[in-house]
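>>> Sequence and predicted structure are below.
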Amino acid sequence: MLCTDCGVKPAQEGRTTCFHCRVSGVGFAFRGGAIPGRGGWNTSKNQWLAEHMGASSEKELLKRKDVDRA
């Protein structure tokens, strides 16, 4: 039996579509620790805190009086 989507390749056993058509919709995304997307996949949370908040860790950030707490 041929694949119902492409009509070229044979369908997998017990299915109506071939393997290629079945997995063609699967994707992936780059996820980082602090910044979503490709630019931040290797940026850690502590690096982001140091760059933007001036603290190297959350413990250090909690000691500061100028930072509001949620």
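Arrived safely.
>>> Got the domain ranges for this structure?
1-29, 31-70 (automatic domain parsing).
>>> Tell me where the protein has helices.
Under the criterion DSSP state H, helices of the chain are mapped to 19-23, 45-52, 58-63.
>>> how far out from the middle of the chain is the longest one?
Between the centre of helix 45-52 and the centre of its host chain there is 19 Å, according to C-alpha atoms, centre = their mean, to the nearest Å.
>>> can you check the first one too?
Between the mean C-alpha location of helix 19-23 and the chain-wide mean there is a distance of 22 Å, by C-alpha atoms, centre = their mean.
>>> Next: stretch 42-55.
Centroid displacement of stretch 42-55 relative to its chain, using C-alpha atoms, centre = their mean, is 19 Å.
>>> Endpoints of it, how far apart?
This stretch, stretch 42-55, spans 19 Å end to end (C-alpha to C-alpha, to the nearest Å).
>>> Give me the buried positions along that stretch.
Neighbour-count burial for stretch 42-55, counted by 16 or more other C-beta atoms under 10 Å, picks out 49, 55. Where you see a C-beta, it was placed from the backbone N, CA and C, and this is true even at glycine.
>>> what's next to stretch 56-70, contact-wise?
46, 49-50, 53, 55 (C-beta atoms under 8 Å, 6 or more residues apart in numbering).
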